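J.: Fold the following and give me the result.
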Amino acid sequence: MAESAFREELIEETIKFHGHSCPGLALGIRAAELALAKLGRASDEEIVAVVETDMCGVDAVQFLTGCTFGKGNLIHLDYGKNAFTFYRRSDGKGIRIVTKSGTSRDRDDELSALGEKMLKEKLTPVEQERMEKGKAARIERIMDADLQDLFEVKPAQGPIPRKARILQSLVCEVCGEATMESRTRRFLDQTLCIPCFEAMEKRD
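T.: As a prediction, the model looks like this:
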């Protein structure tokens, strides 16, 4: 079994950034590890990440690869898949990293049952301890696994996303708040932000 290439201090910093340690974050750490091994880490907007989930692992991708929403080189597609695509702008190289099913990251029956119970009612101290031990065991399996056992690497799909654009802001004529031009809507000869536009549509 091969442990993560990241030093322990960096993993701890990633956990601190996210707020807690969990199996989802561990998967993100390993996906970032694979992306960095294939494409390297570049400053600023050289590397672009397209994530198909909003799970905990995305925080690890942001922290470790430097791809962030604010810079426009982290793009979220709400597909509900544990899949991460990375592009390198300098040469156009890209890879899509997809989490394999049936691996050590999958939930065991007891942990799944405890998680479902926790959503409905409070766990007993014994159940809470069993859940924490189960999560810790899953994290350990993920962090110790060979990357090829966790992920399938495929060619990136589609062209490299364009760089973030700086656009003019327009004032919504209903709420008075400045809104990026590309996110405004026209309704009854008025310029509206999306929430005000949707509210006006519901009235009609």
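
J.: which residues touch residue 27?
T.: 55, 57, 60, 82, 99, 105, 142, 150 (Cβ atoms under 8 Å, 6 or more residues apart in numbering). Yep, even glycine has a C-beta here, placed from its N, CA and C like the rest.

J.: nearest to residue 184, of those residues?
T.: Nearest to residue 184 among the contacts of residue 27, counting by Cβ to Cβ, is residue 55 at 31.3 Å.

J.: List the buried residues of stretch 175-190.
T.: Neighbour counts over stretch 175-190 (16 or more other Cβ atoms under 10 Å) mark 179, 184-185, 187 as buried.

J.: Let's see the distance spanning that stretch from one end to the other.
T.: Across its full length, stretch 175-190 reaches 12 Å between end residues, using Cα to Cα, to the nearest Å.

J.: Let me know the average pLDDT across it.
T.: Averaged across stretch 175-190, the pLDDT comes to 93.

J.: From the contacts of residue 27, pick the one nearest residue 197.
T.: Ranked by distance to residue 197 (Cβ to Cβ), the contacts of residue 27 are led by residue 55 at 30.4 Å.

J.: in the chain, what spans have low per-residue confidence?
T.: For the chain, applying pLDDT under 70 flags the ranges 1-4, 42, 102-108, 204.

J.: What distance do you get for the residue sitting nearest the centre point of the chain to residue 157?
T.: Most central in the chain under Cα atoms, centre = their mean is residue 58, positioned 2.4 Å from the mean C-alpha point. In this structure, residue 58 and residue 157 are 19 Å apart, going by Cβ to Cβ, to the nearest Å.

J.: Just name whatever secondary elements the top helix by length along the chain is in contact with.
T.: When the chain is parsed with DSSP state H, its longest helix is helix 125-144. Here helix 125-144 touches helix 23-39, helix 109-120, going by 3 or more Cβ pairs under 8 Å, 6 or more residues apart in numbering; DSSP states H and E.

J.: Domain map for the protein?
T.: The chain breaks down by automatic domain parsing into domains covering 8-155, 169-203.

J.: Return the distance of residue 133 relative to residue 111.
T.: Taking Cβ to Cβ, one finds residue 133 at 9 Å from residue 111.
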